[in-house]
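Trainee: Below: sequence and its predicted model.
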Amino acid sequence: MGLLPAYFDKSRLIAPLGFSRWRVPPAALAIHLCIGQVYAFSVFNLPLSRLIGRTESAPGDWPLTTIGWIFSVAIVFLGLSAFTFGRWLEDAGPRKAMFASAACFGGGFLIASLGVALHKIWIVYLGYGVLGGIGLGLGYISPVSTLIRWFPDRPGMATGMAIMGFGGGAMVGAPLAVLLMNFFKSDSSPGVAQAFAAMGVLYFLFMMIGVMTVRLPAPGWRPAGWDPSHVSARRVAAPDVHVDQAIRTTPFWLLWVVLCLNVTAGIGVLGQASPMIQETFTGRIDASAAAGFVGLLSLANMAGRFIWSSLSDRIGRKPTYMIYFALGAALYASVPATGRAGSVVLFVLFYVLIMSMYGGGFATIPAYLRDRFGVMHVGAIHGRLLTAWSLAGVAGPVLVNYIREYQIRRGVPASGAYSFTMYLMGSLLVVGFIANWLVGNVDPQYHYTTEVQIPHEFRRTGA
Amino acid sequence: MSESREGIDRAERIRVLLTWLVVAIPALWGVAQVVKRAMALFR
């Protein structure tokens, strides 16, 4: 007997006759739209650094470097929990995992609120960073395998829709946070603790829509008119591979490199977009126009998740990544020229395309995994692959920032300081192109059978 | 077993619509905020 009522059991999730599979994507979106808030956490940075001084930081206030760790801890725990709980999720089912995610994410906000009220940073780290981060990881992977089971005919589009929500979460989270802080602000409080508490409750309730809506298809169910035997081989899920076997295969690590390089190239630019456009077009682009550029990139990142992953259902996963890498490398190589030519429109257009493919890379990977490793443990395998994101999340911004600093120290003007970085990002995408090109099918020795699983090392030696 | 259009009744279609609406409203509000900000780029 578990801690939760039978309502959460996987066995209770089988959809009744007449259930429409189109109720499942909004259930997934309800989760991803909430957890995507993490990318908007920076709106709390300044208010958190002035809890005592109010108008400016006072002695005893937390410095921005201390506050920056809240986001970093959350992202680290996102990766760790996706890695650790992926296997549990496959057994427990999506409802239990989504509920755990909602409880952790909402609860994390509430604990962080207490930390702000008591002015104890370790409580904020523990709340939003550790507990909230676990909620992020669980929530990110929980709807993936369910959507793939419901949409065997369009797995890219289905998972793209959910992961699009993660891209859009910041667009809701940032203005919501500002709205709540303004609402709760008073002479005695900047309203951060109250905003945290309100967001914890609101996000928990919104995520419960997903918890209550999600269903699993009955065994053997398939969409009307869809017959896997009449579908081209590359669009049918591969034979199942156990998660513990998957990480021993070459395709897994090639896909890990593919995701890592695609994310590295995009994430560094995303973090530096505002100063980059202002420094490239000095005197022509001010801070408010740069904020518009950042907003446009967020929209491209979100839309790309749906558009590119849907396209991958038609042209295949490998060709889609070929486009990301080939077109991405060409665009990165051309961006410095648009800066030198003084063309804001081309500069913005190129970055919009780059960002759409950055988002597309995230959204297409679950369907790519399903094509190579089957459906059985696709959520857990996806969780393990997300460690590539953790590494890229550190590598991308470090590359962009440090190379820029190095260029400026060597006397390169600020307007040209990003050129070398762009060429480097383009080169990373060329390596990604090769890695993607090498991704093949999984060796049949790793395929899952219902017989007792014999570790392949023993099978190889014939023991 | 497979899903067919005939197998989904009107009540279920309304449930689908309502679920999408509940999720889409905050998402569209967020997108509108960003679009408003993005307009500054081309002003």
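Mentor: Thanks, I have the structure now.
Trainee: going forward, measure contacts between C-alpha atoms and count neighbours the same way
Mentor: Will do.
Trainee: Nearest to chain B within chain A, name that residue for me.
Mentor: Taking CA to the nearest CA, chain B has its nearest neighbour within chain A at A:Gly292, 3.5 Å off.
Trainee: Count the neighbours of that residue for me.
Mentor: For A:Gly292, the count of nearby residues is 21 (other CA atoms under 10 Å in any protein chain shown).
Trainee: Surely it touches B:Arg37?
Mentor: Yes. Applying CA atoms under 8 Å, one finds A:Gly292 in contact with B:Arg37, separated by 4.8 Å.
Trainee: Give the buried residues for whichever strand or helix holds A:Ala74.
Mentor: A:Ala74 belongs to helix A:64-92 when assigned by DSSP states H and E. Within helix A:64-92, the residues that qualify as buried are A:67, A:70-87, A:89-90, counting by 16 or more other CA atoms under 10 Å in any protein chain shown.
Trainee: any idea which helix or strand carries A:Pro47?
Mentor: Using DSSP H and E, A:Pro47 falls within helix A:45-48.
Trainee: So which elements touch that helix?
Mentor: helix A:64-92 (3 or more CA pairs under 8 Å, 6 or more residues apart in numbering or on different chains; DSSP states H and E).
Trainee: what's the helix it packs on packed up against?
Mentor: In terms of contacts (3+ CA pairs under 8 Å, 6+ apart), helix A:64-92 is packed against helix A:45-48, helix A:132-141, helix A:378-385, helix A:387-409.
Trainee: residues in contact with the first one?
Mentor: Read that as helix A:45-48. For helix A:45-48, the external contacting residues (CA atoms under 8 Å, 6 or more residues apart in numbering or on different chains) are A:Arg54, A:Trp62, A:Leu64, A:Ile67, A:Gly68, A:Val116, A:Pro190, A:Val192.
Trainee: what's the helix or strand for the residue of chain B found nearest chain A?
Mentor: Residue nearest to chain A within chain B: B:Ala38 (3.5 Å; CA to the nearest CA). Per DSSP H and E, B:Ala38 falls inside helix B:10-38.
Trainee: Report the distance from that helix to the chain centre.
Mentor: How far helix B:10-38 lies from its chain's middle: 4 Å, per CA atoms, centre = their mean, to the nearest Å.
Trainee: Next, the buried residues of that helix.
Mentor: In terms of neighbour count (16+ other CA under 10 Å), helix B:10-38 has its buried residues at B:13, B:16, B:19-20, B:23-24, B:26-27, B:30-31, B:34, B:37-38.
Trainee: in chain B, which ranges drop under the pLDDT threshold?
Mentor: For chain B, residues meeting the criterion pLDDT under 70 lie at B:1-8, B:43.
Trainee: 80 instead, please
Mentor: Across chain B, residues meeting the criterion (pLDDT under 80) sit at B:1-8, B:37-43.
Trainee: How about the residues of the stretch 151-300 of chain A by chain B?
Mentor: When proximity is defined as CA under 8 Å from any CA of the partner chain, the stretch 151-300 of chain A approaches chain B at A:168-169, A:171-173, A:175, A:220-224, A:285, A:288-296, A:299.
Trainee: Repeat the analysis, applying 6 Å as the threshold.
Mentor: For the stretch 151-300 of chain A, the residues in contact with chain B (CA under 6 Å from any CA of the partner chain) are A:Met171, A:Val172, A:Trp221, A:Arg222, A:Pro223, A:Ala224, A:Ala289, A:Gly292, A:Gly295, A:Leu296.
Trainee: tell me the centre residue of chain B?
Mentor: Residue closest to the average C-alpha location in chain B (CA atoms, centre = their mean): B:Ala24, at 3.6 Å.
Trainee: domain parsing for chain A?
Mentor: A:19-219, A:235-444 (automatic domain parsing).
Trainee: Now tabulate those in JSON lines and tack on mean pLDDT and distance to A:Pro228.
Mentor: Formatted as JSON lines, those follow (pLDDT from 0 to 100; distance: least, CA to CA, whole Å):
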{"stretch": "domain A:19-219", "mean pLDDT": "92", "distance to A:Pro228": "8"}
{"stretch": "domain A:235-444", "mean pLDDT": "89", "distance to A:Pro228": "7"}
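Trainee: for the ones you listed, which one sits closest to A:Tyr7?
Mentor: With CA to CA as the measure, domain A:19-219 is the member of the domains of chain A nearest A:Tyr7 (8.8 Å).
Trainee: Now do the closest one: distance to the chain's middle.
Mentor: Distance, stretch centre to chain centre, for domain A:19-219: 12 Å (CA atoms, centre = their mean).
Trainee: what residues are up against A:Gly108?
Mentor: A:Gly127, A:Tyr128, A:Leu131, A:Gly132 (CA atoms under 6 Å, 6 or more residues apart in numbering or on different chains).
Trainee: Can you sort out which of the residues you listed also neighbour chain B?
Mentor: Answer for these near chain B: none qualify (CA under 6 Å from any CA).
Trainee: tell me the SS of A:Leu202?
Mentor: Classification of A:Leu202 using DSSP: H, G, I helix; E, B strand; the rest coil returns helix.
Trainee: what about it, how many neighbours?
Mentor: Quick note: A:Leu202 (other CA under 10 Å) scores 14 neighbours.
Trainee: Not counting sequence-adjacent ones, nearest residue to it?
Mentor: A:Gly106 (7.9 Å; CA to CA, 6 or more residues apart in numbering or on different chains).
Trainee: Equivalent analysis for A:Arg12, please.
Mentor: A:Ala6 (7.4 Å).
Trainee: The one you found and A:Leu13, how far apart?
Mentor: Using CA to CA, to the nearest Å, A:Ala6 is found at 10 Å from A:Leu13.
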